[in-house]
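> Attaching a predicted model along with its sequence, questions to come.
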Amino acid sequence: MTTATAGKGLEGITAGDTAICAVDQTSLIYRGYEIADLAENATFEEVAYLLLEGEKPDAKQLSFFKDELIANRALDPVTINFLKEAGPMIREGSAVPMDVLRTAVSLLANLDNESQEISREANMRKAKRLLAKIPTIIGHMQNVIDGKDIIAPDTGGDANLSHAANLLYLMTGERPSDEVAHVIDVSLILYAEHDFNASTFASRVIAATLSDMHGAVTGAIAALKGPLHGGANEAAMEMLKEIDAFVSAGKGSVDDFMHKAFEEKRKLMGFGHRVYKNGDHRAGILHKLGRNIAEKKGKDAVKWFDLGEKVQKIMLDEKNIFPNVDFPCGMTYFVMGIPVPQYTPIFVASRMSGWAAHIMEQHENNRLIRPVANYTGPKLRKWNG
């Protein structure tokens, strides 16, 4: 019988070394660069290159990297047909977009001639292909959900658009304004990496068995789906919609809703963080950008940020709990017209860069991840006793 050495959920345990990201109470750093610096001065493509390659790209390297992503955006007919067939599953509720995205990535593995290779060179090529294709999967899936023709099936979008802007174009058929594209771009930067979070750790556990890139990413997507991880941005927005309906129906005030939730010990999504106890460095950055978008759209958009700020104040004043990045993300994407069920898939479009970096790092310095459990079951007994 073993003795427990860790709290539930491995809280407080350092599970390994990484050169990719550092997370602590005062900073979030991607390969030596602080997140506020990156959000203000870099593009998502630059950050993705940094995470994958380890260094900031020069102009020539960035141009080549962008060209590689653009060249790999388009999906094969098999995957497009699957997305079309998944439409009824989503409408009937037996699948949600994260399920469809997970299956599409798994399908891509069967169509990739290098799927079984785990060398750094093969992994890098696969990482770029997945990074390029995941926004296309999301866009085409949304077209199917909306009952519209798939946008740019032959090219995977508009080669003149950035990674972030092309994602929105594929989803809506409209090329976003520079400001809207910038907000999505920053959100992708903020979500790109976060050391040994649940989905990244899941991907490393899979990679540590010497399984392949696609398999590890498929597992990571499954982990990210949960409302205690990536799905929190969707859950946070649904909570705000619930509060708005509660107040609009005359059932009480925002304070009334929150106090009722406290009494019921309801988990309020978008608040608190396993690592950040004094506030998530990313939340304020995205909140400011999202509110600016809302103010330009008018009072119907601003009301969501007004409501959100009331909720934040109550949580801070009465529970001393800060919002995490998922809370402003929900409001920001909502006022931009992005369907709520696609919030977490967009998270995947960002985090793919971090996952791939971790999978490659695990493969290159590998040891099987195999902890032991503290047994709490019955004492030894005899079957025929």
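Right, received. Where do you want to start?

> name the helices or strands packed onto the lengthiest helix in the chain?
Longest helix in the chain by number of residues (criterion: DSSP state H): helix 120-145. Where contact means 3 or more Cβ pairs under 8 Å, 6 or more residues apart in numbering; DSSP states H and E, helix 120-145 is packed against helix 44-53, helix 59-71, helix 77-92, helix 97-110, helix 163-172, helix 213-224, helix 343-364. Bear in mind the C-beta positions are built from the backbone N, C-alpha and C, glycine included.

> Just want the angle from the last one to helix 213-224.
What that stands for is helix 343-364. Angle, helix 343-364 to helix 213-224, by axes from the mean of the first three to the mean of the last three Cα atoms, to 10 degrees: 130 degrees.

> What separation is there between the residue nearest to the spatial centre of the chain and K299?
In the chain, the centroid-proximal residue (Cα atoms, centre = their mean) is F347; its distance is 2.4 Å. In this view, F347 and K299 are 29 Å apart by Cβ to Cβ, to the nearest Å.

> what are the phi and psi angles of L28?
phi -130, psi 120 (degrees, to the nearest 10).

> The one 3 residues further on too?
The phi and psi torsions at R31 (degrees, to the nearest 10) take the values phi 40, psi 40.

> what about the closest residue to it other than its chain neighbours, neighbour count?
Using Cβ to Cβ, 6 or more residues apart in numbering and skipping the chain neighbours, the partner closest in space to R31 is L50 (5.5 Å). L50: 23 surrounding residues under other Cβ atoms under 10 Å.

> just checking, L50 touches Y30?
Yes - counting by Cβ atoms under 8 Å, L50 does reach Y30; the two are 6.2 Å apart.

> count of neighbours near the residue lying closest to S115 once chain neighbours are set aside?
Distances taken as Cβ to Cβ, 6+ apart put A109 closest to S115, at 4.4 Å, once the chain neighbours are dropped. By other Cβ under 10 Å, the residues close to A109 number 18.

> Quick check: the gap between A109 and T79.
Taking Cβ to Cβ, one finds A109 at 11 Å from T79.

> I285 now?
According to Cβ to Cβ, I285 stands 34 Å off from T79.

> same thing with A192?
Distance from A192 to T79, by Cβ to Cβ: 24 Å.

> Who has more neighbours out of those two?
Neighbour count, other Cβ under 10 Å: between A192 and T79, A192 has more, with 25 against 21.

> didn't that one look like it was pressed against V47?
Yes - in this structure, A192 is within contact of V47 by Cβ under 8 Å, at 5.6 Å.

> domain parsing for the chain?
As given by automatic domain parsing, the domain ranges for the chain are 28-226+341-364, 232-335.

> Could you tell me which ranges of the stretch 151-300 of the chain sit under the pLDDT cut-off?
273-277 (pLDDT under 70).

> Format the CA atom coordinates belonging to stretch 333-344 as CSV.
Output of stretch 333-344 as CSV, limited to C-alpha atoms (Å, rounded to 0.1, in the frame of the first residue of the first chain):
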residue,chain,number,x,y,z
TYR,A,333,-16.8,36.6,-28.4
PHE,A,334,-20.6,37.0,-27.7
VAL,A,335,-20.7,40.7,-28.6
MET,A,336,-18.7,39.8,-31.8
GLY,A,337,-21.4,37.4,-32.8
ILE,A,338,-19.5,34.2,-32.4
PRO,A,339,-21.8,31.3,-31.6
VAL,A,340,-21.2,30.1,-28.0
PRO,A,341,-20.6,26.4,-28.8
GLN,A,342,-17.6,27.5,-31.0
TYR,A,343,-15.8,29.3,-28.1
THR,A,344,-13.9,26.2,-27.0
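
> Show me what counts as buried in it.
Y333, F334, V335, M336, I338, V340, P341, Q342, Y343, T344 (16 or more other Cβ atoms under 10 Å).

> Same question for stretch 141-153.
Within stretch 141-153, judged by 16+ other Cβ under 10 Å, the buried ones are M141, Q142, N143, V144, I145, I150, I151, A152, P153.

> Can you measure across it, start residue to end residue?
12 Å (Cα to Cα, to the nearest Å).

> Quick one: residues in contact with that stretch.
74-75, 80, 83-84, 86-87, 90-91, 97, 100-101, 104, 139-140, 157-158, 169-173, 339, 342, 345 (Cβ atoms under 8 Å, 6 or more residues apart in numbering).

> Buried subset of the residues you listed, written for ChimeraX?
Remark: buried members of the contacts of stretch 141-153, expressed as a ChimeraX selection using 16+ other Cβ under 10 Å:
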select :74,75,80,83,86,87,90,97,100,101,104,139,140,157,158,169,170,171,172,342,345
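
> what does the average pLDDT come to for stretch 46-58?
Here stretch 46-58 scores 98 as its mean pLDDT.

> Check which residues of it are buried.
Here stretch 46-58 shows E46, V47, A48, Y49, L50, L51, L52, K56, P57 as buried, counting by 16+ other Cβ under 10 Å.

> Looking at these, which one is closest to A236?
V47 (23.8 Å; Cβ to Cβ).

> Do I have it right that the closest one meets I189?
Yes - judged on Cβ under 8 Å, V47 makes contact with I189 at a distance of 5.0 Å.

> residues shared between the contacts of those two?
By Cβ under 8 Å, 6+ apart, the residues touching both V47 and I189 are L38.

> got any ranges where the stretch 1-150 of the chain has weak pLDDT?
Applying pLDDT under 70 to the stretch 1-150 of the chain picks out residues 1-6.

> what about 80?
1-9, 11-14, 25-26 (pLDDT under 80).

> returning to that earlier point: correct me if wrong: the residue nearest to S115 contacts R102.
No - shown here, A109 and R102 do not form a contact pair, counting by Cβ under 8 Å, at 11.5 Å.

> circling back to that earlier point, for P323, state which of the buried residues of stretch 46-58 is nearest.
For these, the nearest to P323 is V47 (22.7 Å; Cβ to Cβ).
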